[in-house]
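Engineer: coords below, sequence missing:
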């Protein structure tokens, strides 16, 4: 139907679609300023109130700080500059932030601005990919939809690996689309797509390969040339992907284990085991050894698991819907419409190929996210955002050009109506938050649907007004959620976008308020971890580990969110460790997992609040030690490391369940005078709470017990330290 050759014979409807192609070379004067304006507005939006998140996820911020101090830590992605253990991901996502810290020093902006730039770049690449085939208008719609997707606004302002992953996936799709064109340099673009896939693997391992099968299939079927040429180019791109991902993996696997950090998240110090286990098949089947609660399989009954209900409705449920699904129904409808319009096109038609590429990426990722039984968090859905945005822009442009046909105008009307209805539904989940917006969106969307139904039979200006109204109605809900997101700081390991009430029960980040969801309270600071790891601010749990929460975030004991006998409340994963702190609400609502200032869930999901006395103790004679302290779990270690900018050993890695170090190794470090303090968490060392969190094969509970029986306990502020330089057994 539509080809790159405007003089080629075409089927019905191609004349209108050809105008989209010609628009690429015949841009109006407003196009470039509009595109630059989109990038500027996106940048300003994402930079707004950026420092409110402090160090965001202190787990990754500590690794960034370490990489800014040590090139070895930079290369491996170590949690500390002394290279005890790595994060549980490859390090590519850390590299831009670590370079920024190395150049400009440690701080919230130095860590998060690179993430913002990735967001702006993703919008730009998406615009270029859509505009090239469907015109500037489609590109601007796609870029705007992406920029205003709530989960995108969240993750392009946060320091998890997902920002770089989303950028590289968008770049990979762009490369494949360019390779599908029959022109000079097409093979080069496929190779660059392979390189993007490879570096995406170094950002978040196997998630980078989710969209690889549909993209490879579309290229194999729809690319110009014979089968041999297509197969050869795919092989070349595969080789590029293997090299761009494999160089780092090979170096890590071949590096002597005695001179490199332990591979965090693995059970046998192997990055390959981490890739195919905890970060691989375990995410699909739920059997994640080393995960929270161990590797006991999905559990939770039919259709669900410890990470929430699975199934086709997962992306629309109370927990996930407000993050990504605002325009997901529209994207699916417009995907079908685009394929119908291009159904008679030749095999190599680039318009149909674009729908197949973006649609295949969306459907594959959607299916995996919907049915995976392993660890799943709401913010993962940022991976869907570019695909949804592209399909909305492309589909709207194609149907607009076809609007004189009743089927096309009816499809536009149905899309506008369904989008407005779904926004009305999502906004209904937060009835006390902007109640007027819900009905405004529904009425405006309904009016736009009626106008679009007759758009091909009335004056063009009327049709444009109806289309503009429909677009505004469809974007109003996510725009409001995005504004709420950028006006709020987010900290911890699990964060969500939008107002608190927009996340219902359904796993981590659902109705898990307080530090557990990584959200802030009234007063502008996060609970329980304060900005930049400091405690004692309004709405958070002051005091170091072992201290009691006070103020507006204080523990209420028996009340909402109570966990008697260690049993988790509704929406919290099954199989959680026992002995977790009970209850506690802030302002009488949002139950938290604070207590003792150890961060959400006893310090597992957010860091500790480091008091001035604890910081001073750690900095005293810091140069005499390899690690100024050691503590169980990476989040606690990260908080103290960020406060002091000195290495702190994270015993057991993120969950405290990695077998590193062993008790024998830890004893050797202590005997050699390499560690000054052991920091108890959630009570005395060897007791319940984060001191035993994980209790895995690394023997961290054995380490805690040995420390408590052997060394002097020192109360520093509200924190419990053990001075590893004062051996009580020797004194006796």
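Structural biologist: Ah, there it is. Every value quoted in this text rests on a predicted model; they were computed, and no experiment measured them.

Engineer: drop to CA atoms for contacts and neighbour counts, all remaining ones
Structural biologist: Fine.

Engineer: okay, and residue 410 sits in which element?
Structural biologist: Per DSSP states H and E, residue 410 falls inside helix 406-427.

Engineer: neighbouring contacts of that helix?
Structural biologist: With C-alpha atoms under 8 Å, 6 or more residues apart in numbering as the test, helix 406-427 has contacts from 321-322, 326-327, 329-330, 333-334, 337, 396, 399-400, 402-403, 435, 437-439, 441-442, 444-446, 448-456, 470-471, 473-474, 477, 502.

Engineer: what subset of these is buried?
Structural biologist: 321-322, 326-327, 329-330, 333-334, 337, 396, 399-400, 402-403, 437-439, 441-442, 444-446, 448-456, 470-471, 473-474, 477, 502 (16 or more other C-alpha atoms under 10 Å).

Engineer: in helices, which of those fall?
Structural biologist: Using DSSP state H, 321-322, 329-330, 333-334, 337, 396, 399-400, 437-439, 441-442, 444-446, 448-453, 470-471, 473-474, 477 are the members of the buried ones among the contacts of helix 406-427 that sit in helices.

Engineer: I figured residue 86 hits residue 264, correct?
Structural biologist: Yes. Here residue 86 reaches residue 264: they are 4.8 Å apart, a contact under C-alpha atoms under 8 Å.

Engineer: name the residues contacting each of the two.
Structural biologist: With C-alpha under 8 Å, 6+ apart, residue 86 and residue 264 have common neighbours residue 653.

Engineer: those two - which one has more neighbours?
Structural biologist: residue 264 (32 against 25; other C-alpha atoms under 10 Å).

Engineer: give me the secondary structure label for the more buried one.
Structural biologist: Three-state assignment for residue 264 (DSSP: H, G, I helix; E, B strand; the rest coil): coil.

Engineer: which ones are touching it?
Structural biologist: Taking C-alpha under 8 Å, 6+ apart as the test, what residue 264 contacts is 85, 86, 87, 88, 89, 653, 654, 658.

Engineer: can I assume residue 244 is in contact with residue 200?
Structural biologist: No. In this structure, residue 244 is not within contact of residue 200 by C-alpha under 8 Å, at 9.4 Å.

Engineer: those two: which is more packed in?
Structural biologist: residue 200 (30 against 20).

Engineer: what helices or strands is the helix or strand that that one is a member of leaning on?
Structural biologist: If you go by DSSP H and E, residue 200 is part of helix 186-204. Contacts defined by 3 or more C-alpha pairs under 8 Å, 6 or more residues apart in numbering; DSSP states H and E place helix 186-204 against helix 162-179, helix 227-254.

Engineer: so can I have JSON lines of those showing distance to residue 385 and mean pLDDT?
Structural biologist: Output for the helices and strands packed on helix 186-204, formatted as JSON lines (distance: least, C-alpha to C-alpha, whole Å; pLDDT from 0 to 100):
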{"stretch": "helix 162-179", "distance to residue 385": "8", "mean pLDDT": "98"}
{"stretch": "helix 227-254", "distance to residue 385": "23", "mean pLDDT": "96"}
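
Engineer: which ones are touching residue 395?
Structural biologist: Here residue 395 is in contact with 331, 334, 335, 337, 338 (C-alpha under 8 Å, 6+ apart).

Engineer: mind running it again at 10 Å?
Structural biologist: 134, 138, 330-339, 341, 355, 389, 412 (C-alpha atoms under 10 Å, 6 or more residues apart in numbering).

Engineer: which of those lies closest to residue 168?
Structural biologist: Ranked by distance to residue 168 (C-alpha to C-alpha), the contacts of residue 395 are led by residue 389 at 15.8 Å.

Engineer: ok, now how distant is the closest one from residue 40?
Structural biologist: 18 Å (C-alpha to C-alpha, to the nearest Å).

Engineer: more crowded one of those two?
Structural biologist: Taking neighbours as other C-alpha under 10 Å, residue 389 and residue 40 compare with residue 389 leading, 31 against 13.

Engineer: report the secondary structure element holding that one.
Structural biologist: Here residue 389 is assigned to helix 385-401, by DSSP H and E.

Engineer: report the mean confidence score over that helix.
Structural biologist: Per-residue pLDDT over helix 385-401 has a mean of 97.

Engineer: quick check: angle from that helix to helix 162-179?
Structural biologist: If you take axes from the mean of the first three to the mean of the last three C-alpha atoms, to 10 degrees, helix 385-401 sits at 40 degrees to helix 162-179.

Engineer: let's number from 73 now, not from 1
Structural biologist: Understood, numbering begins at 73; the last thing we discussed is helix 457-473.

Engineer: which of the residues in helix 457-473 are buried?
Structural biologist: 457-473.

Engineer: so who does the spatially most central residue of the chain touch?
Structural biologist: In the chain, the residue lying closest to the centroid (C-alpha atoms, centre = their mean) is residue 234, at 4.0 Å. By C-alpha under 10 Å, 6+ apart, the residues touching residue 234 are 165, 187, 224, 227-228, 240, 272, 275-276, 279, 451-455.

Engineer: check those residues and tell me the two furthest apart.
Structural biologist: Top of the distance list for the contacts of residue 234 (C-alpha to C-alpha): 187 and 279, 18.8 Å.

Engineer: those two: which has the busier surroundings?
Structural biologist: Legend: neighbour count by other C-alpha under 10 Å for residue 187 and residue 279, higher for residue 187 (27 against 20).

Engineer: from residue 772, how far off is that one?
Structural biologist: Counting by C-alpha to C-alpha, the gap from residue 187 to residue 772 is 34 Å.

Engineer: picking up where we left off before, buried residues in the helix or strand following the helix holding residue 272?
Structural biologist: Helices and strands here follow DSSP H and E; after helix 258-276, the next one along the chain is helix 284-294. By 16+ other C-alpha under 10 Å, the buried positions in helix 284-294 come out as 284, 286, 287, 288, 290, 291, 292, 294.

Engineer: next: stretch 561-572.
Structural biologist: Those would be 561, 562, 563, 564, 565, 566, 567, 568, 569, 570, 571, 572, for stretch 561-572 by 16+ other C-alpha under 10 Å.

Engineer: could you give the mean pLDDT of stretch 482-492?
Structural biologist: In the prediction, stretch 482-492 has an average pLDDT of 97.

Engineer: again, but for stretch 213-221
Structural biologist: Mean predicted lDDT for stretch 213-221 stands at 98.

Engineer: give me the next element, helix or strand, following the strand or helix carrying residue 215.
Structural biologist: For residue 215, the element it lies in under DSSP H and E is helix 208-219. Remark: after helix 208-219, the chain's next helix or strand is helix 222-227, criterion DSSP H and E.
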